[in-house]
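Trainee: model this:
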Amino acid sequence: MRPSSSPREAILLLSIGAFVSGISLRCVEPMLPQLAADFSTSVSAVSVIVTAFGIAYACAVLLQGPLGDRYGKLRVVAIGVALAGLASLGCAAAWGLRSLIRLMESSTFL
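Mentor: Residues are numbered from 1 along each chain as shown. Below is the predicted model:
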């Protein structure tokens, strides 16, 4: 028999996931000048990252609702947080602007 998690643990994990999700919406804009310098391009060229992330995030919200209803909200959130963390590590290892944009789009769908 599998031991069940206490509601307190679930609330703590969901709170951490919600914090990380919310902060990820706002952490990209202040980084734009540094990203432009790192990728040797202009801030306006790098600003497409914010747009790509915002569109992908909005689409993910629309997708995760029905998945949560079908498979269980806690399961979808737990899997999504784990996969998004892995995808974020991939974004940290991006070798160019295009790869960063693609990885960032994929990380928000997870």
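
Trainee: chain center to the lengthiest helix in the chain, what's the gap?
Mentor: The residue-count maximum for a helix in the chain (DSSP state H) belongs to helix 48-71. Relative to its parent chain, helix 48-71 has a centroid offset of 9 Å by CA atoms, centre = their mean, to the nearest Å.

Trainee: Gly96 - nearest residue in space that isn't next to it in sequence?
Mentor: Phe39 (6.8 Å; CB to CB, 6 or more residues apart in numbering). Where you see a C-beta, it was placed from the backbone N, CA and C, and this is true even at glycine.

Trainee: tell me how many other residues crowd that neighbour.
Mentor: 17 (other CB atoms under 10 Å).

Trainee: got it, and Val81?
Mentor: Neighbourhood size, Val81 [other CB under 10 Å]: 18.

Trainee: in which helix or strand does it reside?
Mentor: Using DSSP states H and E, Val81 maps to helix 73-92.

Trainee: now do that helix, average pLDDT.
Mentor: Helix 73-92 shows a mean pLDDT of 81.

Trainee: residues of it that come out buried?
Mentor: Neighbour counts over helix 73-92 (16 or more other CB atoms under 10 Å) mark 76-77, 80-81, 84, 87-88, 90-91 as buried.

Trainee: for the residue nearest to Gly96, give me its contacts.
Mentor: 46, 96-97, 100 (CB atoms under 8 Å, 6 or more residues apart in numbering).

Trainee: got the phi and psi for it?
Mentor: Per-residue torsions, Phe39: phi -100, psi 10 (degrees, to the nearest 10).

Trainee: thinking again about what came up before, now render the contacts of Phe39 as CSV, adding neighbour count, secondary structure and pLDDT.
Mentor: What follows is the contacts of Phe39, written out as CSV (neighbours: other CB atoms under 10 Å; DSSP: H, G, I helix; E, B strand; the rest coil; pLDDT from 0 to 100):
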residue, neighbour count, secondary structure, pLDDT
Val46, 22, helix, 85
Gly96, 10, coil, 82
Leu97, 18, helix, 81
Leu100, 22, helix, 78
